[in-house]
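[1] Only the shape, not the letters, is given here:
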């Protein structure tokens, strides 16, 4: 005799998958936002952190899904 409960029939991986997708979307949004912000920095700001306009152009031109 077998007992089947609703809990044993539930897909326990779905919640983890949704969390993973949510985290990925969050990371992509942060990359997009910070790259756009970096492109707005002044020459003085860049000098303070040791970056050049070439560094900014390289980073800002990356698509959001690339680290």
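    Okay, I see it. This one's a predicted model, so the numbers in the text were calculated from it and none came from an experiment.

[2] Need phi/psi at residue 40.
    Dihedral angles of residue 40 (phi, psi; degrees, to the nearest 10) stand at phi -90, psi 0.

[3] Tell me how many other residues crowd it.
    Counted with other CB atoms under 10 Å, residues neighbouring residue 40 total 9. Just so you know, the C-beta spots here come from the backbone N, C-alpha and C atoms, and that holds for glycine as well.

[4] Quick check, central residue of this structure?
    residue 27 (1.2 Å; CA atoms, centre = their mean).

[5] Let me see the contact set for that residue.
    Residue 27 makes contact with no residue, according to CB atoms under 8 Å, 6 or more residues apart in numbering.

[6] Helix, strand, or coil at it?
    Look at residue 27: counting by DSSP: H, G, I helix; E, B strand; the rest coil, its state is helix.

[7] where does it land on pLDDT?
    Note for residue 27: predicted pLDDT of 97.

[8] how far away is it from residue 65?
    To residue 65, residue 27 is 9 Å away according to CB to CB, to the nearest Å.
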